[in-house]
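Undergrad: what's the 3D shape of this:
(2 chains, ligands or ions: 3)
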Amino acid sequence: MELKVIGQSEDNTAESGCSASGCGGSSDQLSHLPDHIRDKVHNHPCYSEEAHHHFARMHVAVAPACNIQCHYCNRKYDCANESRPGVVSELLTPDQAVKKVMAVAANIPQMTVLGIAGPGDPLANPERTFETFRQLTEKAPDIKLCVSTNGLSLPDQVEELCKHNIDHVTITINCVDPDVGAKIYPWIFWNNRRIKGRKGAQILIEQQQKGLKMLTDRGILVKVNSVMIPGVNDQHLEEVSKVVKEKGAFLHNVMPLIAEAEHGTFYGVMGQRGPTHDELQTLQDKCAGDMNMMRHCRQCRADAVGMLGEDRGDEFTMDKVEVMDVDYEQAMIKRADYQAEIEAKREAQKKSANETFIPLTALTTKKKETRPVLMAVATSGGGVINQHFGHAKEFLIYEASMTDVRFIGHRKVDLYCSGGDTCGDAETTLQKTIRLLEGCEAVLCSKIGYEPWEVLEESGIQPNGEHAMEPIEEAVAKVYAEMAESGQLEQQRQADQLQAGA
Amino acid sequence: MAYEIIESCVNCWACEPLCPSDAIFEARPHFKIDAKKCTECEGDHVDPQCVSICPIEGAILNPFSEPANPPGSLTGIPPERMEEVMAEIQSR
Ligand code: SF4
Ligand code: SF4
Ligand code: SF4
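TA: Numbers count the residues shown, from 1 in each chain, chains lettered A, B, ... in the order given. Ligands and ions are numbered 1, 2, ... in the order given. Prediction:
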């Protein structure tokens, strides 16, 4: 979707702050990539910000073992590099996993990507991981395969990976300096020994970098994940971004550390805090100067099924899958049709956006600078505003400025609690949501109840249900233009306004 | 003499493929070591392999029935700190 400003006036270019990938104005984060890479990621919900509104991915938990220890992980649960901490996935054999994938693909035609992300390290379980890939390449050739790893045994597995024709690999790289690494990784298992401290971290870093290079040399796409740990590697991740870019990684995804004492992890128990929304965003912006960042990662769990941010895993537990009858030949035809339809819709959306978009500068009067604004959006997918405020499990955060609209990230309504009944009354849920939306000045949704409307307004967040079913970026741009026109954006946000609803 | 896996094992499979003596097997509620087969890795490795990769403190006992990976040795969390935090969580 193009939101390029056409007639930008000279007097505001200087300070409009083209800090992010959006410099030059395109909201398509992948615009800088060579064509062959763009083709590969076009329909990949984890890699293309725009595609993740339309396509779905799934993970299967076939890889239980791990060969390192991360301080944010408790091995009673899934690998915290790719999943939410504190979650236990149903461990599957490769045969079961293949059955499950085929059942899901037959029922969710927008499922385009199958990943193995845990519950341990996929490459520390090579037989299971590769057996699953081997069967799927043969039986479900229309599904893309990807794998994520801590990188320790990556160099040894690159040849095998190439055989299975896997074109996307995610490596979690939290540091390139062993002194930093020693504060993140207490030990690794290497050459039949447990190696602790700095020495272990150094080997891990060497292996990660070597593996990264080997993959990109062979034309395999590599995404790098980093966990942002304030006071440990937050200052260091800019350097990491630079290094992995030089080695050819095409995306760098900085995720926030999630640490709770209840998880029993080192960081959780020792009281290490995670980053604030602001700190995360600032770092993502800094790294974006160096390379293309991914901001829409939802840290999904190792057996997640569905669109990003949604988990339909309960519909596909093994006992249900065992009794499903899947005609994959038929399903493949249906899937192809369905995906072609989505493709057509995406094209249409792009076109209409180009036609209807009004340059923001045409609306803001030339003499005034308007400040950027954060807005929250409730959507259940499709790239449009189509979710009721009260039903939103997460909000997409966009930043609108005089020059463009860009996607900032996600905020989940409640990361660990699954339902409303057990976790306090409606008021506290609403209060929690308002705290979550801190820093946002508007929330765009399809509908919103009277009570939350009032409370939001009191907290200085303007609810807006006027853009239901409209493409997100377009609606955000319109609301920004309205705000600019009404003169709300000429000064800094009022401090008293911020505190009003607290 | 042999090593032994006890109930705190989380069934992560990490040890099983490493055992040079095929002594480790999947079982419920947790993995087990066949005491007759376990060689303590003598002659094959300097360190017992199961103990060297197991991520869970206390899950494997050495031939003297002591935790081969005692509390704090793998996570780096001082045991007193762990107790404190667990007591705090339970009192909530
Ligand atoms: S790589 Fe994953 S499973 Fe292994 S210790 Fe780190 S977070 Fe845990
Ligand atoms: S000590 Fe060695 S031989 Fe004994 S169970 Fe462990 S890995 Fe196997
Ligand atoms: S490595 Fe430890 S936790 Fe994992 S299966 Fe073996 S004994 Fe159990």
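Undergrad: residue B:39 - nearest residue in space that isn't next to it in sequence?
TA: Nearest in space to residue B:39, with sequence neighbours left out and distances taken as C-beta to C-beta, 6 or more residues apart in numbering or on different chains, is residue B:21 at 4.7 Å. In short, each C-beta sits where N, CA and C put it, glycine included.
Undergrad: and the one you found, its phi and psi?
TA: phi -110, psi 10 (degrees, to the nearest 10).
Undergrad: that one touches residue B:43, doesn't it?
TA: No: Residue B:21 lies out of contact with residue B:43 (C-beta atoms under 8 Å); the separation is 9.8 Å.
Undergrad: so where do the strands sit in chain B?
TA: Using DSSP state E, the strands of chain B run over residues B:4-5, B:24-25, B:32-33, B:60-61.
Undergrad: follow-up on the earlier one: name the residue in residue B:21 and residue B:43 with the higher neighbour count.
TA: Legend: neighbour count by other C-beta atoms under 10 Å in any protein chain shown for residue B:21 and residue B:43, higher for residue B:21 (18 against 8).
Undergrad: using the three-state scheme, assign residue A:430.
TA: State at residue A:430, reduced to three classes by DSSP: H, G, I helix; E, B strand; the rest coil: helix.
Undergrad: from ligand 3, how far off is it?
TA: 42 Å (C-beta to the nearest ligand atom, to the nearest Å).
Undergrad: show the contacting residues for that residue.
TA: When contacts are counted by C-beta atoms under 8 Å, 6 or more residues apart in numbering or on different chains, residue A:430 touches A:451, A:452, A:455.
Undergrad: give me that answer again for 6 Å
TA: Going by C-beta atoms under 6 Å, 6 or more residues apart in numbering or on different chains, residue A:430 touches A:452, A:455.
Undergrad: so how far is residue A:453 from it?
TA: 11 Å (C-beta to C-beta, to the nearest Å).
Undergrad: what are the bridge partners for the residue positioned nearest the centre of chain B, then?
TA: What sits nearest the mean C-alpha location of chain B, by C-alpha atoms, centre = their mean, is residue B:60, with 2.7 Å. With DSSP bridges as the criterion, residue B:60 is bridged to residue B:5.
Undergrad: wait, it touches residue B:54, no?
TA: Yes: contact criterion C-beta atoms under 6 Å: residue B:60 and residue B:54 qualify, at 5.4 Å.
Undergrad: residue 87: how many residues sit nearby?
TA: You didn't pick a chain, so chain A it is. 21.
Undergrad: that's the wrong chain, I wanted chain B
TA: 9.
Undergrad: next one: residue A:318
TA: 15.
Undergrad: from residue A:114, how far off is the nearest residue to it once chain neighbours are set aside?
TA: Of all residues not flanking residue A:318 in the chain, residue A:96 sits nearest, at 5.8 Å (C-beta to C-beta, 6+ apart). In this view, residue A:96 and residue A:114 are 14 Å apart by C-beta to C-beta.
Undergrad: quick one: which of those two has more around it?
TA: Legend: neighbour count by other C-beta under 10 Å for residue A:96 and residue A:114, higher for residue A:114 (24 against 17).
Undergrad: secondary structure element for that one, which one?
TA: For residue A:114, the element it lies in under DSSP states H and E is strand A:111-119.
Undergrad: ok, that strand: who's next to it in the sheet?
TA: Within its sheet, and counting by DSSP bridges, strand A:111-119 is paired with strand A:56-63 (parallel), strand A:144-149 (parallel).
Undergrad: winner for burial among these?
TA: A comparison of the strands paired with strand A:111-119 by mean neighbour count, using mean count of other C-beta atoms under 10 Å in any protein chain shown, puts strand A:56-63 on top with a mean of 27.
Undergrad: so is it next to ligand 1?
TA: No: with C-beta under 6 Å from any ligand atom as the criterion, ligand 1 is not reached by strand A:56-63; the gap is at least 9.1 Å.
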